[in-house]
Each structure stands twice: as C-alpha cells, then as structure tokens.
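Trainee: I need the structure of the sequence given here:
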Amino acid sequence: MKRVFKIMFAAVLAACVFSCKKPVNPDLPTIDWPSNANFSQLELAPGVDGAITISAPGKLDVLTITMGLGDYAILANPYIGVSSNKGSGKNSPVFDVIDDSTVASFLQKLGMSAGPGLRGKSAANFDLVEILETLIEGQPVQNNTSFTMRIDLKDQAGNSKTATAKFHFTSAPTFTWDANAAFNTVDLNAAKISCKVKITAPGKVETLTVTLENGADNSLVSYIKNRTSGGNTVLDLVNDEKVAQSFAEYFPAGAAVSGKTELLMDFGFMYDRAFDMGASTNVFTIKAVDRNGKETTAQVKFKK
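Mentor: Numbers count the residues shown, from 1 in each chain. Presented below is the predicted three-dimensional model:
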C-alpha cells in the first residue's frame, strides 16, 4: 500500500511541476543565438558564428549594443556619432543602433539593418563577430583578451530584453629568430650564424609544415624529397614519421609538436648542405596552424 501511495504521490508531484512551469509569453521580445543558445564564451577564431536574431512582437523602439572592449574601447569611437556614447578608459562604447546615424551607417555597410527604419520592426539580425572583428581588425590585440557585447532592447509596449555575448581572443602563432630578427637572407658563404627559429603558439600547435619553395638548388630538392614519405618538398612535422626521423637533430616532430605552445626549429643543417649546392637562393616556408584554426607563415632564406 505504501508503495502504491509513493508512486501516486510522485506522479501527482510531477504533474504539478509540469503544470506549474511558467509558459513563455509569445508577446515578449527575445534575443536568440542559434549556434550558441546559452550565450557561452566563444573564441574569436576563423569560422566562428556570431549571428543573432532579435524578435520583438511588440515592435522595436530602442536597441543598443554596449561593448566591453577594455583597453580597446576607443576603437569603436569613429563609428559613434553621439558623444556621450563614445568609449574611454572608464566608459564602454555604446552603439545606438536606431537613433545614431553614424552607427547605422557603419552597420549598414556590414549588411545589417540599422537606423530609424528599424523602429517599429518586429525582427532584426546582426552578426556580433563581424562587428567585433571589424573594430579590432589590424590592431595588435594582446593575447588572452576578453570582450563582451551587451544587447539591450525595448519594444513599443515597454517590454525589455537583455543578453550578453562573451568572446575571447588568443593570438595566432608567431615566429622569432634571435640571430636574424628581420628574417633576412642568410649567406651560406659568410660566417655562420644561429639558424634557430622559435615558434610561439598560445592557441597550441595543431599542424606544422616546412615547404621548400620552387627555384631551390637541385641537390637540396633531392635531399628534402628523399626524407619525406611522399617524396615531395613538404616536411610535415606532425604526421610524417620519416620526416621526424630524418630531421630529429634539427626539428621537433609528432607529439613534441602537437598541442605545444613553444617550439624551436634549427635550420643549421643548411650549412652542411651548402657543400653540394651551386649558386642559388633557397626558400623555406614555415606554416603553423593552432587549434583555433589561426595560421601564420614565415620564410627563411639561404643564399649559396
């Protein structure tokens, strides 16, 4: 009997919970991010989806985007016409999407709806990533920087909705050559210099290749081809075991590359190869791609 009572009580409780769940009011405004429903923090990486959809059954009246850009707040100022909305060391810049004609012009050039014509509409679409990346494009953004974009809207019935998008920036891989900071062509006939190139990848290395470009000395081309599994001029330092074994003295490979944030490559073998080479300029292209899909290339050049 007790068991039957417990089962009945549980069923009644479950029904109550279900029936007491507050229904969503279809007349209230919403802000949706289809590819990121929970508005979780996203890495600013190639291909990341920043498309949001705003729905306002009660018709849009006010729409702003407040950007937490930190040290980069002033980057938004050229696109803001209202002085009080401009960013500074203390204040976050604010895009008044409907009533600021300067903001509207900026967004419209990005293919997004903005301006007074948006007032009274029931829907709008924006790409937050495109907005943010346009603002920081070409800027030396510091690694491990976070940004926010808070969307505030109010409809003509006085209903409001707020949502905050969060983004993180990790720097792409970089290359440094202490003995040759400008990556100038190295003369193999002159005094030897260190040919160690450092790779720094905060986003962790995913792939790393070294390609001998066309026009290289024939003996060097043969040397490289004979040390790759495919008999080509591309050294895959993550996946080609033959390359790993052939260049073990000079380059890290396999597990010593994948997922690492710092690597050291030594092109010193070129001094030994010089004895078999004729007059030539030999160019290697290093390509590093991190786990965020960010890639960087650099070229090391040697003249015989």
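
Trainee: Enumerate every residue touching Glu262.
Mentor: 198-201 (CB atoms under 8 Å, 6 or more residues apart in numbering). Yep, even glycine has a C-beta here, placed from its N, CA and C like the rest.

Trainee: Could you work out the most separated pair of those?
Mentor: Distance extremes for these: the farthest pair is Lys198 and Ala201 at 10.5 Å, using CB to CB.

Trainee: tell me, what's touching these two both at once?
Mentor: With CB under 8 Å, 6+ apart as the test, Lys198 and Ala201 both reach 262-263.

Trainee: I'd guess Thr134 is in a strand, am I close?
Mentor: No - using DSSP: H, G, I helix; E, B strand; the rest coil, the secondary structure at Thr134 is helix, not a strand.

Trainee: Just among the contacts of Glu262, which is most surrounded?
Mentor: Of all these, Ala201 has the most neighbours under the rule other CB atoms under 10 Å, reaching 27 neighbours.

Trainee: That residue and Thr209: what is the separation?
Mentor: 14 Å (CB to CB, to the nearest Å).

Trainee: Next: Glu241.
Mentor: Distance from Glu241 to Thr209, counting by CB to CB: 15 Å.

Trainee: Between those two, which is the more surrounded one?
Mentor: Thr209 (18 against 11).

Trainee: Surely the more buried one and Asp236 touch.
Mentor: Yes - between Thr209 and Asp236 there is a contact at 5.5 Å, judged by CB atoms under 8 Å.

Trainee: surely Phe228 meets Asn239?
Mentor: Check again: residue 228 is Thr, not Phe. No - with contact defined as CB under 8 Å, Thr228 does not count as touching Asn239 (10.8 Å).

Trainee: Just read off the phi/psi values of the residue nearest to Lys198 when sequence neighbours are not counted.
Mentor: Among residues not flanking Lys198 along the chain, Thr176 sits closest, at 4.8 Å (CB to CB, 6 or more residues apart in numbering). Dihedral angles phi and psi of Thr176 (degrees, to the nearest 10) take the values phi -130, psi 140.

Trainee: any idea how far Thr176 is from Ser194?
Mentor: 12 Å.

Trainee: Also Thr145?
Mentor: Applying CB to CB to Thr145 and Ser194 gives a distance of 32 Å.

Trainee: Those two - which one has more neighbours?
Mentor: The neighbour count for Thr145 versus Ser194, taken as other CB under 10 Å, is higher for Thr145 (17 against 12).

Trainee: mind checking pLDDT for the nearest residue to the more buried one once chain neighbours are set aside?
Mentor: Residue nearest to Thr145 in three dimensions, not counting chain neighbours: Phe169, with 4.5 Å by CB to CB, 6+ apart. At Phe169, the pLDDT value in this model is 97.

Trainee: hang on, Phe169 packs against Gln139?
Mentor: No - if you go by CB under 8 Å, Phe169 and Gln139 don't touch, sitting 10.3 Å apart.

Trainee: Of the two, which one has the most company?
Mentor: Neighbours were counted for Phe169 and for Gln139 using other CB under 10 Å; Phe169 has more, 20 against 9.

Trainee: Mind jotting down where the strands sit in the stretch 101-250 of the chain?
Mentor: Assigned by DSSP state E, counting those that start in this stretch, the stretch 101-250 of the chain shows strands spanning 123-127, 145-155, 160-169, 174-176, 186-187, 196-200, 205-212, 234-236.

Trainee: ok, how many other residues are close to Asn25?
Mentor: Asn25 has 10 nearby residues by other CB under 10 Å.

Trainee: Also Glu133?
Mentor: 15.

Trainee: Pass me the low-pLDDT residue ranges in the chain, would you?
Mentor: 1-24 (pLDDT under 70).

Trainee: what residue lies at the spatial centre of it?
Mentor: By CA atoms, centre = their mean, the chain has its centre lying nearest to Ala45, at 2.1 Å.

Trainee: Quick check, Ala288 in contact with Val205.
Mentor: Yes - shown here, Ala288 and Val205 form a contact pair, counting by CB under 8 Å, at 6.0 Å.

Trainee: Pull up the gap between the closest residue in space to Lys301 that isn't next to it in sequence and Val283, please.
Mentor: Of all residues not flanking Lys301 in the chain, Thr185 sits nearest, at 4.1 Å (CB to CB, 6+ apart). From Thr185 across to Val283, the span is 9 Å (CB to CB).

Trainee: Next, show the common contact partners of those two.
Mentor: 301-302.

Trainee: And the helices in this protein?
Mentor: 2-20, 101-109, 128-136, 218-225, 241-246, 269-273 (DSSP state H).

Trainee: ok, and what's touching stretch 214-230?
Mentor: Counting by CB under 8 Å, 6+ apart, 212, 231-236, 240-243, 246-247, 273, 276-278, 280-283, 304 sit against stretch 214-230.

Trainee: Fine by me, thanks again.
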